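1. sequence first, then the predicted structure:
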Amino acid sequence: MTIMAPTKHHLVQTTMCALLMFAFVSHTSAQQIPRAKAESVGMSSERLARIEAVMRSYIDAGKTPGVITAIIRKGKLVHFKAQGEMDVDQGKEMRTDAIFRIASMTKPITSLALMMLWEEGHFQLRDPVTKFIPEFTDVKVSTTSDASGESGELIKPNRAITIRDLLTHTAGFANAYIGNTQAYRQALLPPASNNAELITQLAKIPLNYQPGEAWQYSIATDVVGRLVEIISGMSLDEFFTQRIFLPLDMPDTHFYLDAEKANRLTAQYTPGEDEKIVLQDPGSNQSRWVTGPKTLYRGAGGLASTVRDYLRFQLMMLNGGSLDGVRLLAPSTVSLMLENHTADLPLWLPGPGMGFGLGYAVVTDRGEAATPLSLGSAYWGGAYCTFSWIDPDQQIVGVLMTQVRPYAHINIRQDFQVLTYQAVIE
């Protein structure tokens, strides 16, 4: 059962009973998720209070402008806290419905979209990508990870890139992290105006390694997004809106924001020399998330969203593909997405003790990963220091949103995970 959000587009099924059950005091976010006292679902309110103090320490130190943290356990919202400011220079207090650039937290959504089409019988995971995108037919592999193709030797791949390779970041694509990164960036200029142009550019760049032989983070999920467009006949923006955001009641998740929502977009910061935040991208109508071309919808990292909307998406995944009577995937498909598909390949970004599923990193060894998350938990974060995970064993969803890039100098995401699990007492 859902409650009308402030938009003319979302699905409406309201009753006075639902309003009384789900509404918070002071129009807090996550209105469709029932709130409960922490102790009723085996958590400690006293221990959860530690989260606020630690998040406040980052804000007071000038290392982040503001933070929203939220925790669901056993289907109940037990923690939701907005702190600090969404725009420090303007003195704008962080609001519970603030909109954040979620960057790579777009990837699980894009992966879900493609798996919805898989369930409809359009392809198999081991199908070659060339079945739908022939531009990859003549792709070569660089023996020196040289995206320019000017050094080393260019050889034929041992096998075709598969759709599963795209979802697991094992396709071999050159990227901005390893190899000739300057040549890679140069090859993607001028910037593409749509996904078709972007993929045509990518298909001309030699692969860094043989498909399936290594894990390297890349824009593979942009290719996943293009597959969604080709198979569905819709733009990725249209597919997301019609097939995911409207059914799940996620009215504030968009590739580009209308002017009426621009004032809810948080400002984005970067650390200065003293690690204190410096404005990098303003909120409001000056940001590219408002002024962008509105023709390029990148599945690897283009969305902006709210804590409330992302909670709903993650809760749907935790529930095995359904939420409030709406089913997007079968439980078996969600389970498949959360399996480790990369065997023992080293994952340099998630680190030891982690594997990768179809759109999510997954915990395979808690000790090796040194994480409080349970075995089988799935997570991913974004370039602006956003983060979310689902823990099927403990029935937990966690979401943290802030806007600092880069963020390697702070442990705010890791701290939030520890603070969540130390509050679990049953």
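-> Thanks, I have the structure now.

2. could you verify my assumption that G359 touches T221?
-> Yes - using Cβ atoms under 8 Å, G359 is in contact with T221, at 7.5 Å. Backbone N, C-alpha and C define where each C-beta goes, glycine included.

3. can you pull out the low-pLDDT segments for the stretch 251-400 of the chain?
-> Judged against pLDDT under 70, the stretch 251-400 of the chain has no low-scoring part.

4. can you pull out the strands in it?
-> Secondary structure of the stretch 251-400 of the chain (DSSP state E, counting those that start in this stretch): strands at 268-271, 277-281, 304-305, 322-323, 326-327, 354-356, 361-363, 378-381, 387-391, 396-401.

5. any residues in contact with both of G359 and T221?
-> Listed as contacting both G359 and T221 by Cβ atoms under 8 Å, 6 or more residues apart in numbering are 107, 110-111, 167.

6. can you flag the buried ones in those residues?
-> 107, 110-111, 167 (16 or more other Cβ atoms under 10 Å).

7. from these, which land in helices?
-> 107, 110-111, 167 (DSSP state H).

8. could you dump the strands of the stretch 251-400 of the chain to CSV with mean neighbour count and distance to Y58?
-> Shown next, in CSV, are these (neighbours: other Cβ atoms under 10 Å; distance: least, Cβ to Cβ, whole Å):
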stretch, mean neighbour count, distance to Y58
strand 268-271, 21, 12
strand 277-281, 16, 10
strand 304-305, 25, 21
strand 322-323, 20, 31
strand 326-327, 14, 36
strand 354-356, 23, 25
strand 361-363, 23, 23
strand 378-381, 23, 16
strand 387-391, 25, 13
strand 396-401, 26, 11
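
9. of those, which is nearest H254?
-> strand 304-305 (6.0 Å; Cβ to Cβ).

10. summarise which helices and strands the closest one is packed against.
-> In terms of contacts (3 or more Cβ pairs under 8 Å, 6 or more residues apart in numbering; DSSP states H and E), strand 304-305 is packed against strand 100-101.

11. partners of the strand it packs on in the sheet?
-> Partners of strand 100-101 in the sheet, by DSSP bridges, are strand 304-305 (antiparallel).

12. and the contacts of the partner strand?
-> 99-102, 105, 250, 252-255, 257, 265, 289.

13. make JSON lines from those and add neighbour count and distance to Y217 to it.
-> Formatted as JSON lines, the contacts of strand 304-305 follow (neighbours: other Cβ atoms under 10 Å; distance: Cβ to Cβ, whole Å):
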{"residue": "I99", "neighbour count": "26", "distance to Y217": "25"}
{"residue": "F100", "neighbour count": "28", "distance to Y217": "21"}
{"residue": "R101", "neighbour count": "26", "distance to Y217": "18"}
{"residue": "I102", "neighbour count": "29", "distance to Y217": "16"}
{"residue": "M105", "neighbour count": "26", "distance to Y217": "14"}
{"residue": "M250", "neighbour count": "25", "distance to Y217": "26"}
{"residue": "D252", "neighbour count": "24", "distance to Y217": "27"}
{"residue": "T253", "neighbour count": "23", "distance to Y217": "23"}
{"residue": "H254", "neighbour count": "23", "distance to Y217": "24"}
{"residue": "F255", "neighbour count": "21", "distance to Y217": "21"}
{"residue": "L257", "neighbour count": "22", "distance to Y217": "27"}
{"residue": "L265", "neighbour count": "25", "distance to Y217": "26"}
{"residue": "W289", "neighbour count": "23", "distance to Y217": "22"}
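
14. which parts of the chain are helices?
-> Counting by DSSP H, the helices of the chain are 16-22, 45-60, 107-119, 163-168, 181-187, 195-203, 220-232, 236-239, 246-248, 288-291, 307-318, 331-337, 366-369, 412-421.

15. so how far is L112 from the residue nearest the centre of the chain?
-> What sits nearest the mean C-alpha location of the chain, by Cα atoms, centre = their mean, is M105, with 1.0 Å. To L112, M105 is 12 Å away according to Cβ to Cβ, to the nearest Å.

16. again, but for A171
-> 19 Å.

17. same check, this time on V404
-> From V404 to L112 the distance is 27 Å (Cβ to Cβ).

18. residues contacting stretch 116-136, please?
-> The contact list for stretch 116-136 (Cβ under 8 Å, 6+ apart) reads 137, 160-167, 171, 199-200, 203, 223, 226-228, 230-232, 243, 328-330, 333, 358.

19. quick revisit: and the helices of the chain as JSON lines, adding distance to A36?
-> Listed next are the helices of the chain as JSON lines, based on distance: least, Cβ to Cβ, whole Å:
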{"stretch": "helix 16-22", "distance to A36": "11"}
{"stretch": "helix 45-60", "distance to A36": "11"}
{"stretch": "helix 107-119", "distance to A36": "26"}
{"stretch": "helix 163-168", "distance to A36": "35"}
{"stretch": "helix 181-187", "distance to A36": "47"}
{"stretch": "helix 195-203", "distance to A36": "42"}
{"stretch": "helix 220-232", "distance to A36": "35"}
{"stretch": "helix 236-239", "distance to A36": "34"}
{"stretch": "helix 246-248", "distance to A36": "21"}
{"stretch": "helix 288-291", "distance to A36": "34"}
{"stretch": "helix 307-318", "distance to A36": "14"}
{"stretch": "helix 331-337", "distance to A36": "24"}
{"stretch": "helix 366-369", "distance to A36": "27"}
{"stretch": "helix 412-421", "distance to A36": "16"}
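
20. nearest residue to the residue nearest to the centre of the chain in space, ignoring adjacent ones along the chain?
-> In space, and not counting its chain neighbours, M105 is closest to G382: 4.4 Å by Cβ to Cβ, 6 or more residues apart in numbering.

21. quick one: that neighbour and I109 touch, right?
-> No - contact status for G382 versus I109: not in contact, 11.6 Å apart, counting by Cβ under 8 Å.

22. what's the local residue count around L154?
-> Number of residues near L154 (other Cβ atoms under 10 Å) recorded here: 16.

23. end-to-end on stretch 338-345?
-> This stretch, stretch 338-345, spans 16 Å end to end (Cα to Cα, to the nearest Å).

24. ok, longest strand in this structure?
-> Among the elements of the chain assigned as strand by DSSP state E, the one spanning the most residues is strand 76-87.
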